Every structure is written in C-alpha cells, then in structure tokens.
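# 3D, please:
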Amino acid sequence: MGPEDMERAILLRAKGYTAKQIARALGVPQAAVVAFIRQSARSDSRSAAERELKACWVNAGWGDGLLVDGRVDWPDRPHLEPAVGGLVAVLVARDAGRDRVSVCGYLVDVYFLGIKNVIGPRLLNDQQHAQFTRTYYAAFEQPPIAAPIELAQQLVLGAARYARGFGLEPAPGFDEVRGHLGEWSGDRVITFGYNGHPFYVQGPHDDPRRIADALRRAEGRAAAVEATDLVGV
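Take a look at the predicted model:
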C-alpha cells in the first residue's frame with residue numbers, strides 16, 4: 001500500500017468501513033489492509049492514553065449481579081427494565097484535535113463471555129458524538145451514566161481477563177480500541193460472574209462449540225475450588 005492508499009484507508013476506517021470493504025474500495029489485497037490496520041492500531045493504542053479524556057459512559061444497572069469492593073463508590077442506578085443478562089455497554093471518547101473526538105464502544109458480558117463486540121475508533125465532531133452516544137444506548141430504557149475511566153477499565157479489561165481464564169478471547173478488533181481505556185493497574189475491584197459464579201446467557205451470534213469448551217473449563221475450575229474447600233473437612 002502506498003501513502004495515498006494508507007491515507008484513504010485511515011479515512012474509510014474512521015467511517016466504520018471493514019477491512020474487506022476498504023480493500024475493495026482501494027483495489028488492494030485484503031491482507032495488506034488488515035496488516036496496515038493492525039500496525040496503525042498498535043501505534044494508536046500507544047498514543048490514545050495520552051489524549052485528553054472527553055467522555056466516559058456506562059449503562060444504568062452495570063453492577064447488577066456483580067460483587068464490587070465496598071471501598072469504591074462508583075455511580076450507578078438500578079435497572080427499571082428487565083435484566084439484560086449481564087451485558088454492559090461502555091463508551092469512551094478522547095480528544096482527537098480539530099474539534100473532533102475519537103470514540104470507542106465496548107459491549108461486555110460481565111457474567112462469562114467478556115468482550116462480545118467493539119466499535120471504533122470513530123472520529124466525530126461534537127454533534128455527531130452526541131448523536132452516536134444516544135444511538136449506542138438506545139436499547140436501554142434509562143440514559144447512560146457519566147463514569148470515571150477507572151470504572152470503564154475495571155469493567156472492560158477486568159471482564160476480558162476473567163473470560164480469558166475460560167479460554168475466551170475478546171471480540172475481533174479489541175486491540176484497535178484497547179488504547180482508549182488507558183493504562184490499568186490491574187487491581188481487582190470487581191468480582192465477575194453472577195454473584196461470583198460464571199453464568200452463561202445464550203446470544204444469537206455465539207459459537208456453540210467455543211462456548212461449550214469454555215463452560216467445561218468453568219465447571220472444571222468450580223470442581224477444583226470445591227475439592228480444595230473440602231480438604232481437611
């Protein structure tokens with residue numbers, strides 16, 4: 001890919017084009033576009049954390065079913081709607097210069113699967129950012145809650161670490177949006193799972209074989225913990 005192709009690829013990526021769509025638009029191999037996107041993502045990830053945080057949102061009821069360290073006092077509102085099965089939506093916007101922000105979204109299953117879907121980075125002006133935020137949380141009956149970035153880190157990166165324990169990797173594209181979360185201490189403040197236990201809620205796009213393997217690992221871990229608890233009884 002030449003310099004002009006790279007510049008066009010960046011613009012198309014910011015508009016939400018997939019690697020396949022970009023390759024078709026530029027008339028270049030898809031593999032070349034994928035490699036360029038990954039390289040750009042690594043570079044963006046290193047610099048994203050240094051950009052000014054403009055907004056951070058989570059949905060109301062993010063803490064339903066989670067065990068949260070009592071020493072922290074993070075904002076939340078109880079659900080007024082039916083339970084959403086441990087799904088948490090996180091949105092992070094950072095300054096991108098020229099009166100624009102770079103926005104990344106994370107859909108997280110905090111009970112078991114970890115990162116189910118990601119969006120971004122998307123370059124938006126203030127009006128577009130406001131509209132995108134409304135659209136992103138349109139499925140929730142209550143408006144989103146302004147949250148500290150530390151809560152977003154705990155929910156997204158903590159859930160990713162939890163799911164990896166069962167062999168479940170984050171959704172494709174996670175490396176491209178990881179940098180918007182900034183550097184995380186790794187301190188465990190939230191205990192994931194429903195009331196501390198892995199709990200799977202089936203989704204329409206889940207891979208049955210992948211989930212079955214993960215559930216076996218979760219059951220094996222639970223059995224190991226139970227056996228440990230019985231030692232000396």
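
# so R8 sits in a helix?
Yes. Under DSSP: H, G, I helix; E, B strand; the rest coil, R8 falls within a helix.

# check what pLDDT it gets.
Note for R8: predicted pLDDT of 86.

# quick one: A212 is in a helix?
Yes. A212: assigned to a helix according to three-state DSSP.

# what about it, neighbour count?
Residues lying near A212 (other C-beta atoms under 10 Å) number 10. All C-beta atoms are positioned from the backbone trio N, CA, C, and that covers glycine.

# just P143 next, same as before
P143 sits with 13 neighbouring residues when counted by other C-beta under 10 Å.

# that one contacts Y137, correct?
Yes. Using C-beta atoms under 8 Å, P143 is in contact with Y137, at 6.8 Å.

# check contacts around V177.
C104, G105, Y106, V118, I119, G120, P121 (C-beta atoms under 8 Å, 6 or more residues apart in numbering).

# SS state for it?
What three-state DSSP gives for V177 is helix.

# now the closest residue to it other than its chain neighbours: which helix or strand?
Distances taken as C-beta to C-beta, 6 or more residues apart in numbering place C104 nearest to V177, at 3.9 Å, with adjacent residues excluded. According to DSSP states H and E, C104 maps onto strand 100-109.

# so which residues make contact with whichever helix or strand comes after that strand?
Next helix or strand after strand 100-109 toward the C-terminus (DSSP H and E): strand 114-125. Residues outside strand 114-125 that contact it (C-beta under 8 Å, 6+ apart) are 14-16, 44, 48, 87, 93, 96, 99-109, 132, 136, 156, 159-160, 162-164, 168-171, 173-174, 176-177, 180, 203.

# tell me the strands beside strand 114-125, with direction?
strand 100-109 (antiparallel) (DSSP bridges).

# in the partner strand, which of the residues would be classed as buried?
By 16 or more other C-beta atoms under 10 Å, the buried positions in strand 100-109 come out as R100, V101, S102, V103, C104, G105, Y106, L107, V108, D109.

# strands of the chain, start to end?
53-58, 67-68, 87-97, 100-109, 114-125, 145-146, 190-191 (DSSP state E).

# what's the offset of the first one from the middle of its chain?
Put plainly, it is strand 53-58. Relative to its chain's centre, strand 53-58 lies at 13 Å (C-alpha atoms, centre = their mean, to the nearest Å).
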